[in-house]
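Enquirer: fold the stuff below for me.
(chains A and B)
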Protein chains: 2
Amino acid sequence: MLSEFSLIDRFFARRAAANRSSAAEGIPLGIGDDCALLTPRAGEMLAISTDMLVEGRHFFADIDPEALGHKALAVNLSDLAAMGAQPLAFMLAFSLPKADEAWLAGFSEGLFALAERYGCELIGGDTTGGPLNLCITVFGSVPPQTALRRDAAQPGDDIWISGTLGDARAGLGVQRGEWTANANDAAMFRHALERPEPRIALGLALRGIAHAALDLSDGLAGDLLHILERSSMRASVDVDAVPRSAALRRLAPDIQQRCTLAGGDDYELCFTAPSAARAAVQAAAQKASVPVTRIGTIAALASPADRPAIAWRNAAGAPLTVTLQGFDHFHAE
Amino acid sequence: MLSEFSLIDRFFARRAAANRSSAAEGIPLGIGDDCALLTPRAGEMLAISTDMLVEGRHFFADIDPEALGHKALAVNLSDLAAMGAQPLAFMLAFSLPKADEAWLAGFSEGLFALAERYGCELIGGDTTGGPLNLCITVFGSVPPQTALRRDAAQPGDDIWISGTLGDARAGLGVQRGEWTANANDAAMFRHALERPEPRIALGLALRGIAHAALDLSDGLAGDLLHILERSSMRASVDVDAVPRSAALRRLAPDIQQRCTLAGGDDYELCFTAPSAARAAVQAAAQKASVPVTRIGTIAALASPADRPAIAWRNAAGAPLTVTLQGFDHFHAE
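Expert: Numbers count the residues shown, from 1 in each chain, chains lettered A, B, ... in the order given. Here you go, the predicted model:
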C-alpha cells in the first residue's frame, strides 16, 4: 500500500485523504488498509480497467511529470468513458528509480487535477523502486443494461467518432523528426499527445443511445476491428469523412491518412448507433460539448465464411485499398 | 487489454475464458472489452488491493516462472485474506522484455493453478514491452460489518499469528549466502520464499471473531505497528512465543530473531481478538487447517501523548530492547 515513503504519504495519501469528504460515497475504506472497500451505486455494476505505462514505450523520459500524471489517469478514464461508466475511484501502482521530490510533486499535481475534476478518488496502490512504470486501475459505476460494450453493434448502425483523429500521432512524428509543423500546430499536436481529455461526459450521454463503443487508443483501423470482431459485423468507412483538425490538414495527405487511421493515442470514442438515433446522438454530443462525426456504416456478415473487416471508401463512394497496422505504441509501426 | 500478442491470448485469455462457466457469478463481462464488469455478492462490498513486483527487488531474475506466477497472485490474495474477503477476480498488467513462450507458459501455469484453486477469475489487464514488472489488482467480496480492518484492535485483545514466521527471510539469506542450512531446510526455506500460501480460509473463518487483521509482508515488527497506529493502541509481544519452524530453530538465535521479527515475505495473518474468543479463534484455525499462536496483548495508550508502540518481552516477562526495521523487500535492510 501507499505507505513506504514519507514522500508518498505527502504527495498522494494526504491529498487523497483531503478529498475523501467530497467523494466518499460508495467508498467505505480508502488508503491505509490491506484492501480498499468499494461499492458500485445501488443497482449498478463496477466497470474496471487497467493500463500500464512504461518509459520509452508510452512516453519519453523527458516528459513533463505533470503531463504524465494527467495522461496516466486519462487513458484509464478513457476506458470508463468507452463503457458509459461514471468514474468512482482508482488504484495507483508505480515503480520509480528514486524518490525525486520535484518529479513526484509534478506527477501528483497532474494526476490529482484530473482525478478531482472527475470526482475519482485515489483509494490505494503500491510503490516500489525500479525502472519507471505506472500502473493504474480505475473503477466506475454503470447500470447493467446501458454499459457500452464492444459486442453490441447492429446491422445498419452508423459509425461515429468524437473530436478529431491523428493529432497525437502528428505530435509524435514532430518529436521524432518524421515531419515538421509550424510552432502553433506543433504545440497543438503536442498537447493532443500529452493531454488527452477522457470523453466521460459523452460516454454518459450516450447511455441508452449508442449500441457499441470503444476508445481509440491504438488507431481507428485496428480499434474499429475490435468492435467488428466482438460483434461479428463488417463496416464501410468513408476515409474523407474521418474528422481532422485544421492543423493536421496542413500536413501531406499521406501523413494525414496514416495519422488518422493508424495513429493511436487519440482517446476519442468510436461508437455505433442506429440511424434513427442521429438526432439523439447529436443532442448527446451537444450536452457533452464534444463534436461527433458520422464516418460509416455497420453491416451483417455476408455468409458464415465472411470475416469481420473494414471496407474503406472515399467521399465519392469509390473503394480504397488501405493497408495499415494498428498502433503498437511507440514501437511496432 | 490482453489482446496485443497472440501468445498472450494463448496463455491468458483462452484459459480465462475456459474458466468462465464455473466462476462467472458476479462477473457479467470479463476479458475483451474496454472494461470488465463486476458486482460484489448481494449486500457485500468489493475489497480491492494492488501489488507491483519488480525484478531484482521482489524476486531474482532466475526465479522459476511458475513460482513467480504463483507468488505474484499469492501476495495479492493474501491482502484479501487479511480483510476476510472471498476472492472473486483479478486484473493482470505486466511488462516483459520479450514474449518468451517458455517463460509465459510457466508463469501462466503458476498463476492459474493458484487462481483456479481459489475461484479467482482473470477479468482483464494490460501487457507491454519493458523491464519485467508485474502488477496484479485483486477483487474480493466481504460483508460490510465483518471486514477485518487494521483500525479495529481493542484494549485487552490477544495478538495472534498464523503459521510460522521467518522461513522466507531465512531462504533469502541462504540464497544470498548470509548463512547456510542443510539441504532439506534450505529447500523448505526456499519453498516458503517462493510459494507463500494465502490464508484465505483463515480470513473467512475469522469473520465476526477477529477484531483487526493484516497480512505480514514486511515483517512482524513493522506490520504490527500498522495495526497499532491505525487503532491508536500499544502492544506487548512475547518474542519467545513467536512461532518458528523446526528448520528455523536450527539457525543461530540472533538470525532466528531477525527472520521472525523483521523478515518479511511471510504472508501469514496477524490478527487481534478478544480473550473471550480464544476457543472460537482455535476453532476457526482448525476449520482452516492452519495453526495459530497467541503472541501478545493489545493495550490502550496511556495518555494522549503516548505513541503506538510494541513492548517486546521474553517468555519470563522480562523486557527486551529490539531495534528492527521493517523489511523493505530486498534492499533496505
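Enquirer: excluding chain neighbours, what is closest to A:Arg41?
Expert: Take A:Arg41 and drop its neighbours on the chain: the residue closest to it by Cβ to Cβ, 6 or more residues apart in numbering or on different chains is A:Ser141, 4.5 Å away. Bear in mind the C-beta positions are built from the backbone N, C-alpha and C, glycine included.
Enquirer: low-confidence regions, the stretch 51-200 of chain A specifically.
Expert: Within the stretch 51-200 of chain A, not a single segment meets pLDDT under 70.
Enquirer: what parts of it come near chain B?
Expert: Within reach of chain B by Cβ under 8 Å from any Cβ of the partner chain, the stretch 51-200 of chain A has these residues: A:51-58, A:79-80, A:82-83, A:85, A:91, A:93-95, A:123-131, A:133, A:135, A:137, A:139-140, A:142, A:144, A:147, A:149-151.
Enquirer: please redo it, this time with the cut-off set to 6 Å
Expert: A:51-52, A:54, A:57, A:79, A:82-83, A:91, A:93, A:95, A:125-126, A:128-131, A:133, A:135, A:137, A:149-150 (Cβ under 6 Å from any Cβ of the partner chain).
Enquirer: try the stretch 201-333 of chain A
Expert: A:Leu214.
Enquirer: how many neighbouring residues does the residue in the stretch 201-333 of chain A positioned nearest to chain B have?
Expert: At 5.4 Å from chain B, A:Leu214 is the closest residue in the stretch 201-333 of chain A, using Cβ to the nearest Cβ. Around A:Leu214 there are 26 other residues, counting by other Cβ atoms under 10 Å in any protein chain shown.
Enquirer: kindly report the same for the one 10 residues further on.
Expert: Neighbours of A:Leu224 under the rule other Cβ under 10 Å: 27.
Enquirer: that one belongs to a strand?
Expert: No: per DSSP: H, G, I helix; E, B strand; the rest coil, A:Leu224 lies outside any strand segment and is helix.
Enquirer: enumerate every residue touching it.
Expert: A:Cys270 (Cβ atoms under 6 Å, 6 or more residues apart in numbering or on different chains).
Enquirer: now swap in the one 3 residues further on and tell me
Expert: Taking Cβ under 6 Å, 6+ apart as the definition of contact, the neighbours of A:Ile227 are A:150, A:153, A:212.
Enquirer: ok, and what's touching stretch A:161-181?
Expert: A:186, A:189-190, A:192-193, A:199, A:202, A:242-245, A:248, A:255, A:259-260, A:263, A:265-266, A:268-270, A:290, A:292-293, A:295.
Enquirer: count of residues packed around A:Val242?
Expert: 20.
Enquirer: what helix or strand is the residue nearest to it when sequence neighbours are not counted on?
Expert: Nearest in space to A:Val242, with sequence neighbours left out and distances taken as Cβ to Cβ, 6+ apart, is A:Thr260 at 4.9 Å. Per DSSP states H and E: A:Thr260 is located in helix A:253-262.
Enquirer: roughly how far is that helix from the heart of the chain?
Expert: Relative to the centre of its chain, helix A:253-262 is centred 19 Å away, using Cα atoms, centre = their mean, to the nearest Å.
Enquirer: sorry, back to before: packing partners for the strand or helix carrying the residue of the stretch 201-333 of chain A closest to chain B?
Expert: Per DSSP H and E, A:Leu214 falls inside strand A:213-215. Under the contact criterion of 3 or more Cβ pairs under 6 Å, 6 or more residues apart in numbering or on different chains; DSSP states H and E, strand A:213-215 touches helix A:65-83, strand A:269-273.
Enquirer: return the set of buried residues in stretch A:250-269.
Expert: With burial defined by 16 or more other Cβ atoms under 10 Å in any protein chain shown, the residues of stretch A:250-269 counted as buried are A:251, A:255-269.
Enquirer: got it, and stretch A:10-20?
Expert: Quick answer for stretch A:10-20 (16+ other Cβ under 10 Å): A:11-13, A:15-16, A:19.
Enquirer: got a markdown table for these, with pLDDT and secondary structure too?
Expert: A markdown table is the format used below for those (pLDDT from 0 to 100; DSSP: H, G, I helix; E, B strand; the rest coil):
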| residue | pLDDT | secondary structure |
| --- | --- | --- |
| A:Phe11 | 79 | helix |
| A:Phe12 | 79 | helix |
| A:Ala13 | 75 | helix |
| A:Arg15 | 76 | helix |
| A:Ala16 | 74 | helix |
| A:Asn19 | 68 | helix |
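Enquirer: so where is the stretch 201-333 of chain A shaky, pLDDT-wise?
Expert: Looking at the stretch 201-333 of chain A by pLDDT under 70, you get A:323-333.
Enquirer: residue boundaries of the strands in it?
Expert: Secondary structure of the stretch 201-333 of chain A, counting by DSSP state E, counting those that start in this stretch: strands at A:213-215, A:233-238, A:269-273, A:292-300, A:310-313, A:319-320.
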